[in-house]
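Asks: here is my input; please provide its structure:
(one chain, ligands or ions: 3)
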Amino acid sequence: MFIVTAKEMYDIDHCTMEKIGFGKLLMENAGRAVAEKVRQKVNAADKILIVVGPGNNGGDGYVIARTLQNEQYRVSVLQVVPDQKLSEQVQFFKQLYLACNGTCLLLDDSAEWKQVISEADVVIDSLLGIGVDGLVREPLASVIAFINEKGGKIVSVDIPSGLPADEGAEAFTSIQADETIVIAAPKTSVFLPHTANYYGNWEVVSIGHPQTLISENAACFVADDVFFRTTMPKRDVNSHKGDHGKGLVIGGCDNMPGSFAMTVRAALRTGAGLMTAVSTEKVIDRIACLSPEAMYQIGASEKGHLIADDLPLDDKDGVAFGIGVGRETKTAALLESVLQETTCPLIIDGDGLYLLQNQLARLKQRNEPTILTPHMGEMARLLEMDISDLTRSPFRYAREFAEEHHVYVVLKGKYTIITSPDGNQAVSTTGNPGLAKGGSGDVLTGIILAMMMQSQSIFQSLCNACFVHGMSADLQVQSGHSYHDLLATDVIEGIASVYRTFS
Ligand SMILES: NC(=O)C1=CN([C@@H]2O[C@H](COP(=O)(O)OP(=O)(O)OC[C@H]3O[C@@H](n4cnc5c(N)ncnc54)[C@H](O)[C@@H]3O)[C@@H](O)[C@H]2O)[C@@H](O)CC1
Ligand SMILES: Nc1ncnc2c1ncn2[C@@H]1O[C@H](COP(=O)(O)OP(=O)(O)O)[C@@H](O)[C@H]1O
Ligand SMILES: [K+]
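Replies: Ligands and ions are numbered 1, 2, ... in the order given. This next block holds a predicted model:
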C-alpha cells in the first residue's frame, strides 16, 4: 500500500483522468466505494446526514447520498455552501441525487441546521478533502465545531474535514472522525502523531486508479504483510550457519544487563546464524544462561561500563552498538572506534544514540551502511530541536537527517518511519500499545540485526524487521496477552508465530 501527499494524489487523479478521459467516473467510483463501506457501519433505521462542502469531496458526498437513497436508507443532505460555489461536476451529481427524490437543505436557508445535525445518528463528513487550504473559514468552521460536539457517529470521506493531508501544519480545525474511508491511498497525515487520532479507525477503498500510476507517483509506502511475504529472507535447504550472518552485539553495563540480553535473543529468534555478545564481565556472568546459543566475550570496562577496546569487528556481517551501554564519557571512545573500524553494517541504538551526539560527523566517513533507531525523543535530541516540531514533520526531518549523514533512520513510534540515505521512505503500521514499555526497542534492534544479515537490501530488511516486531506484539495480544501484560520477552517469543503465519 502506498502513502501520498496531497500533490501526489492530485497528480495521480489527473493522470488517471487523462488516461480514462472521464473525471466523473472517478467520483462515481469514489462515492460508491465509500457508500459500500458506510452500509457496513450503519443500521437500516439510522438517520444518515451527509454534510456537503464546496469541492470534490462534496461531490463524493452527493454520490454517497444518491447510492444510499436508492437503497432505501434514511438519507438527507446538508449543503453548507450556495450552489454557485459548486463546480460543474459536483452540480451534476447533485442533480442526479435530486432526481432520485433526494432532499437537500442549504445552510443559508435554514435556521435548523443545528437541529438536523443533532438528530442524525450518522454524519457522513464530505465537507472538505485534500484541497483544504489553511484554517477552516466560516461557515464551515462552525459546522465542524457543531458536528464534533453534537453529531452522532462521524464517518469522514477521504480525510477528516479541515485536517491537512500533508505534514508541517501547526494549527488546524478538524472533524474528529470515528471512522475515515480513505480514497485510493492514505495521506501523510494518517501517520503523524498530532493528526493520526482525528481519523479514528481508517480504511482505504480503491476507486480504479491504475496501480502503476499510484506506485510511480507515491514516494512512500506501507511496509505491510504483502511486502514481507515477497521480500523476507528465504532459507535454502542446504544452507549452513555462515549463510545467515555472524552478528555482534556490543552493549550492557553492570546495572543494565537485561536489555542487551533481549537484543541477543531476539536476533537469534529472527534467524541470525551466529551471535557474539560483548559486555562487561558481570553482565555476561548474569545473562549468558538466557541465550546459551550465543558466544560471549568480556570487553574492557571501568566502573561497570565498557571502555575503548580491541573488539572482534572485522569478521562480522552486522554489528549493533549501544543497547544498555550507559552514557559514560569513556564509553563514547568505544563508539568512536566502533564507528571507525566496523567494516559491515552497523546499528546504533539506545545509549549509543546519546553517545553519538558529539560524533555525528563520523557517520559520513563510514563506507558501510549505518542504521540509527531513535524514538522521537532521541531523534529530537540528535537534531537539537523541539520534539513538537519534529512530530509535526517527522518524514521531512528523518529524510533530511538521513540524506545529510548518509544513514538509515528507523524513527520509532506508533507508526515507525523507515528512511534510507537516498530519501526512500516506508511506514510500519504493525504494533500496539503493549509495546510502549522499556525493552521493546531492544528487541527491535535484535530483529533488525538478524534481518539485515539475511537480506541483500538494508532498506527491505528494516521494513521487514519493523513488520515482524509489531506483528509479533499483535499476534501475542490476539492469542492471550493484553496491552497491559505484554512484555518485551513475549515479543521475542512471538516471532515464531509471525514466521509461521506469514512465510
Ligand atoms: N480530483 C478527482 O478527480 C477526485 C477527487 N476526489 C475527492 O475530491 C477531494 C479533493 O477535491 P478538491 O480538490 O475539490 O478539494 P476539497 O473537496 O477539499 O475542496 C476544496 C475547496 O474547499 C474550499 N476550501 C479550501 N480550504 C478551505 C478553508 N480553509 N476553509 C473553507 N473552505 C475551504 C475551497 O473552495 C476549495 O476550492 C478528495 O479529497 C476526494 O474526496 C474523489 O472524488 C476522487 C476523484
Ligand atoms: N503505542 C504503540 N504502538 C505501536 N508500537 C509502539 C507503541 N509504543 C511503542 N511502540 C514500539 O515499541 C518500540 C519502543 O522502542 P523504544 O522507545 O526505543 O523502547 P526501549 O528502548 O525502552 O526498549 C518501538 O519499536 C516502537 O515503535
Ligand atoms: K472529508
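
Asks: briefly note if stretch 178-191 comes near ligand 2.
Replies: No - remark: stretch 178-191 sits outside contact range of ligand 2, by C-beta under 6 Å from any ligand atom, the gap being at least 11.8 Å. C-beta coordinates here come from the backbone N, C-alpha and C atoms, glycine included.

Asks: when you give positions from now on, start the count at 22
Replies: With 22 as the first residue, the last one maps to stretch 199-212.

Asks: buried ones in that stretch, by neighbour count?
Replies: 199-212 (16 or more other C-beta atoms under 10 Å).

Asks: how about the residues you listed in JSON lines, adding pLDDT?
Replies: Shown next, in JSON lines, are these (pLDDT from 0 to 100):
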{"residue": "Asp199", "pLDDT": "98"}
{"residue": "Glu200", "pLDDT": "98"}
{"residue": "Thr201", "pLDDT": "98"}
{"residue": "Ile202", "pLDDT": "98"}
{"residue": "Val203", "pLDDT": "98"}
{"residue": "Ile204", "pLDDT": "97"}
{"residue": "Ala205", "pLDDT": "96"}
{"residue": "Ala206", "pLDDT": "97"}
{"residue": "Pro207", "pLDDT": "97"}
{"residue": "Lys208", "pLDDT": "98"}
{"residue": "Thr209", "pLDDT": "97"}
{"residue": "Ser210", "pLDDT": "97"}
{"residue": "Val211", "pLDDT": "97"}
{"residue": "Phe212", "pLDDT": "97"}
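
Asks: ok, the residues you listed vs ligand 2, which is closest?
Replies: Nearest to ligand 2 among these, counting by C-beta to the nearest ligand atom, is Phe212 at 11.8 Å.

Asks: would you list the phi and psi of that closest one?
Replies: Main-chain torsions, Phe212, degrees, to the nearest 10: phi -110, psi 10.

Asks: apart from its chain neighbours, what residue comes closest to it?
Replies: Tyr436 (4.2 Å; C-beta to C-beta, 6 or more residues apart in numbering).

Asks: what about that neighbour, neighbour count?
Replies: By other C-beta atoms under 10 Å, the residues close to Tyr436 number 21.

Asks: so it sits right up against Thr450, yeah?
Replies: Yes - the pair Tyr436 and Thr450 qualifies as a contact (C-beta atoms under 8 Å) at a distance of 5.9 Å.

Asks: helix/strand/coil for Val137?
Replies: helix (DSSP: H, G, I helix; E, B strand; the rest coil).

Asks: show me what contacts it?
Replies: 70, 97, 99, 126, 131 (C-beta atoms under 8 Å, 6 or more residues apart in numbering).

Asks: what helix or strand is the fourth one on?
Replies: Under DSSP states H and E, the secondary-structure element containing Leu126 is strand 125-127.

Asks: that strand - what's its average pLDDT?
Replies: In this model, strand 125-127 carries a mean pLDDT of 93.

Asks: again, but for stretch 219-230
Replies: The model assigns stretch 219-230 a mean pLDDT of 96.

Asks: how far off centre is that stretch?
Replies: Its chain's C-alpha centre lies 15 Å from the corresponding centre of stretch 219-230 when counted by C-alpha atoms, centre = their mean, to the nearest Å.

Asks: anything in that stretch near ligand 3?
Replies: No - judged by C-beta under 5 Å from the ion, stretch 219-230 and ligand 3 are separated, with a smallest distance of 10.5 Å.

Asks: how close does Arg290 sit to Ser518?
Replies: Arg290 sits 11 Å away from Ser518, going by C-beta to C-beta, to the nearest Å.

Asks: compare neighbour counts for those two and give me the winner.
Replies: Arg290 (24 against 16).

Asks: separation between the more buried one and Val489?
Replies: Counting by C-beta to C-beta, the gap from Arg290 to Val489 is 10 Å.

Asks: strands along the stretch 72-221 of the chain, start to end?
Replies: 95-100, 125-127, 143-147, 174-178, 200-204 (DSSP state E, counting those that start in this stretch).

Asks: pLDDT below threshold where in the stretch 22-171 of the chain?
Replies: 42-43, 130-131 (pLDDT under 70).

Asks: now do the helices in it.
Replies: 27-41, 44-60, 77-91, 109-120, 134-140, 161-171 (DSSP state H, counting those that start in this stretch).

Asks: helices and strands around the second one, which ones?
Replies: Put plainly, it is helix 44-60. Other helices and strands packing on helix 44-60, by 3 or more C-beta pairs under 8 Å, 6 or more residues apart in numbering; DSSP states H and E, are helix 27-41, helix 77-91, helix 109-120, strand 143-147, strand 174-178, strand 200-204, strand 222-226.

Asks: that one and ligand 1 in contact?
Replies: Yes - with C-beta under 6 Å from any ligand atom as the criterion, ligand 1 is reached by helix 44-60 at 44, 47-48, 51.

Asks: how about the residues of the stretch 22-171 of the chain near ligand 3?
Replies: 78, 146.

Asks: let's see 6 Å
Replies: Neighbours of ligand 3 within the stretch 22-171 of the chain, by C-beta under 6 Å from the ion: 78, 146-150.

Asks: what's the closest of those to ligand 1?
Replies: Gly150 (2.1 Å).

Asks: that closest one and Val178 touch, don't they?
Replies: Yes - at 7.2 Å, Gly150 counts as touching Val178 under the criterion of C-beta under 8 Å.

Asks: show me the domain layout of this protein.
Replies: 23-239, 246-252+266-519 (automatic domain parsing).

Asks: could I get the ones you listed as CSV with distance to Ser260?
Replies: Shown next, in CSV, are those (distance: least, C-beta to C-beta, whole Å):
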stretch, distance to Ser260
domain 23-239, 32
domain 246-252+266-519, 9
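
Asks: which of those sits closest to Asn259?
Replies: domain 246-252+266-519 (13.9 Å; C-beta to C-beta).

Asks: is stretch 168-185 positioned near ligand 1?
Replies: Yes - contact of stretch 168-185 with ligand 1 (C-beta under 6 Å from any ligand atom) involves 178-180.

Asks: near ligand 2, which residues of the stretch 222-371 of the chain?
Replies: Gly371.

Asks: I'd like to know how far Ala66 sits from Tyr94.
Replies: Ala66 is 9 Å from Tyr94, by C-beta to C-beta.

Asks: more neighbours: the two, which one.
Replies: Tyr94 (20 against 8).

Asks: wait, that one sits on Lys68?
Replies: No - with contacts counted by C-beta under 8 Å, Tyr94 stays clear of Lys68, the gap being 9.2 Å.

Asks: and the residue of this protein closest to ligand 3?
Replies: Proximity of the chain to ligand 3 (C-beta to the ion) peaks at Ser182, 4.1 Å away.

Asks: what residues are up against that residue?
Replies: Ser182 touches 74, 78, 146-150, 153, 157, 161, 165, 195-196, counting by C-beta under 8 Å, 6+ apart.

Asks: identify, from those, the entry nearest to Ala86.
Replies: For the contacts of Ser182, the nearest to Ala86 is Ser147 (8.6 Å; C-beta to C-beta).

Asks: excluding its backbone neighbours, what's nearest that closest one?
Replies: That would be Gly82: by C-beta to C-beta, 6+ apart, it lies 2.7 Å from Ser147.

Asks: I am finished for the moment; much appreciated.
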